[in-house]
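S.K.: What follows is a predicted structure for the sequence shown.
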Amino acid sequence: KCFGSGYFGRIAVYEIMLMNEELRRLTGQNADTMSLADAAKRSGFKSMHDDAGMKAAMGVTTMEEIKRVLF
């Protein structure tokens, strides 16, 4: 039952960063956060916010629910 929320069940919103050679090298060099983030994005990394936005676009959830949960 949704208990009045309008939603039944749950769906995960997640982010996974797969390690590659560039990220491994940067990590070993104690690179700053922005350098690591840029390298991750170049290799296809999608943030939790990106994943949530895609799920909203597919109609799985709403932007209101995303804002409630993530922000």
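M.R.: Cool, the structure landed. Numbering: from 1, shown residues only.
S.K.: any idea which residue sits dead centre in this structure?
M.R.: The chain has M48 as the residue nearest its centroid, 1.4 Å off, counting by CA atoms, centre = their mean.
S.K.: okay but that one is in contact with V13, surely?
M.R.: Yes - counting by CB atoms under 8 Å, M48 touches V13, with 5.6 Å between them. Using the backbone N, CA and C atoms, a C-beta is placed for each residue, glycine as well.
S.K.: Pull up the overlap in contacts between those two.
M.R.: Common contacts of M48 and V13, defined by CB atoms under 8 Å, 6 or more residues apart in numbering, comprise L70.
S.K.: quick check: mean pLDDT across stretch 31-50?
M.R.: Mean pLDDT, computed over stretch 31-50, is 96.
S.K.: Pull out the buried positions in it.
M.R.: Neighbour counts using 16 or more other CB atoms under 10 Å place A31, L36, A39, A40, F45 of stretch 31-50 among the buried residues.
S.K.: likewise stretch 56-71?
M.R.: Buried positions in stretch 56-71, judged by neighbour count with 16+ other CB under 10 Å: A56, T61, E65, I66.
S.K.: returning to that earlier point: pick out the most distant pair among the buried residues of stretch 31-50.
M.R.: The span of the buried residues of stretch 31-50, defined through CB to CB, is set by A31 and F45 at 14.8 Å.
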